[in-house]
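# Show me the folded form of this:
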Amino acid sequence: MKIFIRSSAVISPQKTFGNVAFLTEPVEYTGTRLQAIEPDYGSFIDPKLIRRMSHVIKMGVAAAKECLNGADIEIPGAIITGTALGCLEDTLTFLTRMIELKEELLPPTSFIQSTHNTVAAQIALMLKCHSYNNTFVHKGISFESALLDATMLLKEKEADNILVGGTEEMTDTSYTVLNRLGLFKRWPLSNLSLFNTPSKGTIGGEGAAFFLLTDRPSTENLAELKGLQTFYKPTGVPEIEQKITAFLALHDLKLADIDLVITGRNGDLKNDEIYNELGATLFNKVSLANYKHLCGEYAVSSSFALWMAANIIKREEVPEIIKETAIEDPKPKKVLIYNHYLNLYHSLMLVSAC
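Below is the predicted model:
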């Protein structure tokens, strides 16, 4: 069975939402943290509800509705999301109020909306969708787990027109905590020169990306999702090479058949060691592209990469800003996405023209 990406929508630190040019005007930030460019939520959400929604909920709902609008679908057959940290803003609000009020007379709203499945639940409530609804919290492969669940539902004929998304927000508190753990750069720099200044740490990011998956062929489909695989904590680059080669072999492909490889390079010396070694060995003869200088590093950033890959194939163009090496084929038909998060959670996604 073939699985197609019918439509997609993403809210990110770049101009990616709505009917806009495809990454032709990259937004430059100077600092160590990228924040999502938020649209006019009034076009997607009842103004009375907006004020009760946190940052990530608004992003998720708007991206989901835009994705459905792009496919001309009112109610999906299932809603599946992936997130590593959930609704941090509401969690922080609840914990702060708990301290301030000494655990007495606590308002329940923040607690109710602090759970990880709030985004998927809010989408279902607004759409009056009573079908399958699930959220995966699998750290660095949360989005990939949601995708895997959706593909299984399609293959088992349990649902069609499945809405799949990855959402993550960066609050001031979470940024401070992650910064103390050494995840981010120690000095401000331009995100567009992230790979020109290799050093310890990367830049933080956030976003919400949604995709409508179907098994029905159509000229309107963006791309075909041919394969997906995750693996945990490999012993080294040789094992990673073996995993990639075996993954492609499952689909009767070799690396020479891949027109473009999108990697999760993020400017951190330790993180990028793997990509550097692969670039000198397995990937030394393929066209390479990057994406985390545009959206920043976060646990479900691979959802941004999938949005990018689907649009590259549909639009038949590779934005200049993402190119790492010379692009042999300006109209890629087969794109491989390889990303790892903290060198623990690794994922492969294969996307091709329909």
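# got a list of contacts for the helix or strand harbouring residue 273?
Per DSSP states H and E, residue 273 falls inside helix 269-280. With CB atoms under 8 Å, 6 or more residues apart in numbering as the test, helix 269-280 has contacts from 198-200, 202, 237, 240-241, 263-266, 288, 338, 340, 342-343. Every residue, glycine included, has its C-beta placed from N, CA and C.
# so which of those residues comes closest to residue 107?
residue 342 (35.4 Å; CB to CB).
# tell me, how many neighbours does the closest one end up with?
14 (other CB atoms under 10 Å).
# Identify the residue nearest it in space, chain neighbours excluded?
The shortest distance from residue 342 to any non-neighbouring residue, by CB to CB, 6 or more residues apart in numbering, is to residue 140 (6.4 Å).
# Just say helix, strand or coil for that neighbour.
helix (DSSP: H, G, I helix; E, B strand; the rest coil).
# buried set for stretch 139-158?
The neighbour-count criterion (16 or more other CB atoms under 10 Å) identifies 139-151, 153-154 as the buried residues of stretch 139-158.
# go on, stretch 25-45?
26, 29, 32-36, 39, 41, 44-45.
# what does stretch 263-271 give?
Counting neighbours by 16+ other CB under 10 Å, stretch 263-271 gives 263-268, 271 as buried.
# Could I get those residues in JSON lines, plus columns for secondary structure?
Putting these into JSON lines (three-state DSSP) gives the following:
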{"residue": "263", "secondary structure": "strand"}
{"residue": "264", "secondary structure": "coil"}
{"residue": "265", "secondary structure": "coil"}
{"residue": "266", "secondary structure": "coil"}
{"residue": "267", "secondary structure": "coil"}
{"residue": "268", "secondary structure": "strand"}
{"residue": "271", "secondary structure": "helix"}
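# got any ranges where the stretch 151-300 of the chain has weak pLDDT?
In the predicted model of the stretch 151-300 of the chain, no residue satisfies pLDDT under 70.
# Who's the closest spatial neighbour of residue 260, skipping the chain neighbours?
Using CB to CB, 6+ apart, the closest residue to residue 260 is residue 332 (4.2 Å).
# does the one you found really touch residue 313, like I thought?
Yes - using CB atoms under 8 Å, residue 332 is in contact with residue 313, at 6.4 Å.
# Let me see the ranges of the helices in this structure.
47-50, 55-71, 88-100, 109-112, 118-127, 142-155, 172-180, 237-250, 269-280, 292-295, 302-315 (DSSP state H).
# any chance of these in a markdown table, with distance to residue 164 too?
Converted to a markdown table, the helices of the chain look like this (distance: least, CB to CB, whole Å):
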| stretch | distance to residue 164 |
| --- | --- |
| helix 47-50 | 23 |
| helix 55-71 | 9 |
| helix 88-100 | 22 |
| helix 109-112 | 24 |
| helix 118-127 | 10 |
| helix 142-155 | 5 |
| helix 172-180 | 24 |
| helix 237-250 | 20 |
| helix 269-280 | 26 |
| helix 292-295 | 18 |
| helix 302-315 | 9 |
